[in-house]
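Novice: Below is the structure, and that's it, no one-letter string:
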């Protein structure tokens, strides 16, 4: 069972202890550092894995994304995007909830376990690349996880970038670009996903 570290001093103390005994007892030092790693992973997991629901914004259902998840037996939420601004409104409302969530756009076909790979990844922001109709491979809003940590620490972005009044076809730039400026690139998963047109 990993140690329950209370603060950064506990972590620093264990690192120093492991360093001091390394020459005398390498196995014990390895065990201590392994426990530290497990505890840190658990701490990150608790920030990123709570309440991670899947949302499929689509003009109609069924769509390729919903059919793919149906075949996997995965639960998801349908977001009917029946006007140009509904996607932006949905994103703004989800951001206010300050919880982890996954967006899978209607024309993306994830392979089996692709959603699980980003859902259970410890990184706070994950995405898959896919081929755009222009022939370029890119990551945007096609299949992306936004963790509780990321959402809580970027509450200003929806308002600053006017998501509520943004047309669906340029929303990805108003979401992805400010997040990249603040947090850097998302953690990319492979292989790339199919973009069905």
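Specialist: The structure has been received and is ready for your questions. Treat the numbers as computed from the prediction; the structure is a model and nothing was measured.

Novice: list the contacts for the nearest residue to residue 183 once chain neighbours are set aside?
Specialist: The spatially closest residue to residue 183, leaving aside those adjacent along the chain, is residue 125, at 6.0 Å (Cβ to Cβ, 6 or more residues apart in numbering). To be clear about C-beta, it is placed using only N, CA and C from the backbone, and glycine gets the same treatment. By Cβ atoms under 8 Å, 6 or more residues apart in numbering, the residues touching residue 125 are 144, 145, 146, 147, 150, 179, 183, 186, 187.

Novice: Is residue 125 bridged to anything, and to what?
Specialist: residue 146 (DSSP bridges).

Novice: quick one on the thing from earlier: could you flag which of the contacts of residue 125 are buried?
Specialist: Buried subset of these (neighbour count, 16 or more other Cβ atoms under 10 Å): 144, 145, 146, 147, 150, 179, 186.

Novice: Let me know the closest of those to residue 116.
Specialist: residue 145 (10.8 Å; Cβ to Cβ).

Novice: Mind splitting the protein into its structural domains?
Specialist: 8-46, 49-195 (automatic domain parsing).

Novice: Just name the most buried of the ones you listed.
Specialist: Burial of those is given as mean neighbour count (mean count of other Cβ atoms under 10 Å); domain 49-195 ranks first at a mean of 17.

Novice: least reliable of the domains of the chain going by mean pLDDT?
Specialist: For the domains of the chain, the weakest mean pLDDT is recorded on domain 8-46, namely a mean of 60.

Novice: Can you classify residue 135 by secondary structure?
Specialist: Following DSSP: H, G, I helix; E, B strand; the rest coil, the label given to residue 135 is coil.
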